[in-house]
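Colleague: This is the structure alone, sequence omitted:
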């Protein structure tokens with residue numbers, strides 16, 4: 001396992017492919033039941049599904065959701081008892097309950113979307129890998145940049161999640177803290193992993209479009225002859241131009257399929273993230289300035305939750321902006 005991880009980080013540019021970059025992340029998704037099938041990577045550019053593996057992955061997904069649902073229900077029950085007993089601010093407690101419910105719903109929607117569009121997701125991966133090969137030339141520097149993006153995308157959510165879990169385990173060992181850790185922090189972690197799936201597909205699509213852009217620049221090189229004249233290299237075959245046109249068509253079709261597969265997930269997560277930012281900042285304001293009883297570990301926890309919500313919104317905005325920048329570039333136009 002460690003040798004595979006080392007190879008992933010140290011592979012030379014010429015050994016990189018889209019599927020090779022996705023493979024370690026796919027294993028990570030499968031651990032949480034967030035990929036519907038086990039896959040065989042037959043070559044560097046083709047993967048095939050193992051049809052019967054869906055039953056094991058569904059079982060894993062159901063188990064994760066049942067555990068999170070049970071602990072979430074227990075946490076909501078505790079908060080409800082506190083509201084009835086008049087402990088704490090009612091608005092803050094109700095906001096927290098609503099946050100957990102919205103997180104549960106958005107988490108369920110992610111699993112449902114991934115399994116409902118399971119064939120389309122595998123088709124997207126194979127399409128991107130095969131389309132990359134169809135280009136007249138490929139730029140491995142783009143894959144190197146993609147690998148760096150993938151590594152950062154994996155490390156940041158894992159770091160925030162482990163930081164919250166370790167802090168809760170060390171700072172205050174109580175049953176209520178354990179409930180919050182599993183009911184909220186673990187729910188947030190699963191949701192971040194599901195969104196990581198969408199984000200990485202978009203990054204792979206952007207890499208494909210960037211490669212198209214580089215191919216267009218290559219076949220339209222100009223050579224200056226004098227100050228007023230430019231010599232255009234006309235030795236571009238019709239096959240190359242046609243190949244690039246077909247690649248563009250496939251890339252835009254892949255973009256539409258990704259949007260269809262994750263549409264509900266994006267909508268619910270945006271709703272949950274905006275609500276979380278507003279309610280948690282209100283909780284910090286109330287605890288620090290009104291009640292004046294907010295403890296340090298709670299402030300850190302709430303701040304990390306707000307950061308996770310901001311990170312999700314940023315990921316949606318950044319991925320969409322990346323596609324717009326590539327699509328609106330002069331070579332593709």
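Modeller: Structure received. Remember, it's a predicted structure, so these values are computed and weren't measured experimentally.
Colleague: can we go C-alpha only for contacts and neighbour counts from here?
Modeller: Will do.
Colleague: all helices of the stretch 101-250 of the chain, in order?
Modeller: In the stretch 101-250 of the chain, the segments counted as helices under DSSP state H, counting those that start in this stretch are 118-134, 140-171, 175-180, 187-219, 238-285.
Colleague: hey, which of these is tucked in deepest?
Modeller: Comparing the helices of the stretch 101-250 of the chain by mean neighbour count (mean count of other C-alpha atoms under 10 Å), helix 187-219 ranks first with a mean of 21.
Colleague: tell me the SS of residue 33?
Modeller: State at residue 33, reduced to three classes by DSSP: H, G, I helix; E, B strand; the rest coil: coil.
Colleague: Any idea which helix or strand in the chain has the lowest mean pLDDT?
Modeller: Lowest mean confidence among the helices and strands of the chain (mean pLDDT, DSSP states H and E): strand 230-232, at a mean of 45.
Colleague: start to end distance for stretch 131-146?
Modeller: Stretch 131-146 has an end-to-end distance of 16 Å (C-alpha to C-alpha, to the nearest Å).
Colleague: which residues are contacting it?
Modeller: Stretch 131-146 has contacts (C-alpha atoms under 8 Å, 6 or more residues apart in numbering) with 13-14, 16-18, 203-204, 207-208, 210-212, 214-215, 240, 243-244, 247, 250.
Colleague: ok so, going back, want to throw the helices of the stretch 101-250 of the chain into a markdown table with mean pLDDT and distance to residue 299?
Modeller: Supplementary listing: those in a markdown table, determined by pLDDT from 0 to 100; distance: least, C-alpha to C-alpha, whole Å:
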| stretch | mean pLDDT | distance to residue 299 |
| --- | --- | --- |
| helix 118-134 | 86 | 39 |
| helix 140-171 | 83 | 12 |
| helix 175-180 | 74 | 14 |
| helix 187-219 | 86 | 17 |
| helix 238-285 | 85 | 7 |
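Colleague: export these to a markdown table and tack on distance to residue 50?
Modeller: Output for those, formatted as a markdown table (distance: least, C-alpha to C-alpha, whole Å):
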| stretch | distance to residue 50 |
| --- | --- |
| helix 118-134 | 11 |
| helix 140-171 | 25 |
| helix 175-180 | 37 |
| helix 187-219 | 20 |
| helix 238-285 | 21 |
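Colleague: how far away is residue 276 from residue 313?
Modeller: Plainly put, residue 276 is 11 Å away from residue 313 if you go by C-alpha to C-alpha.
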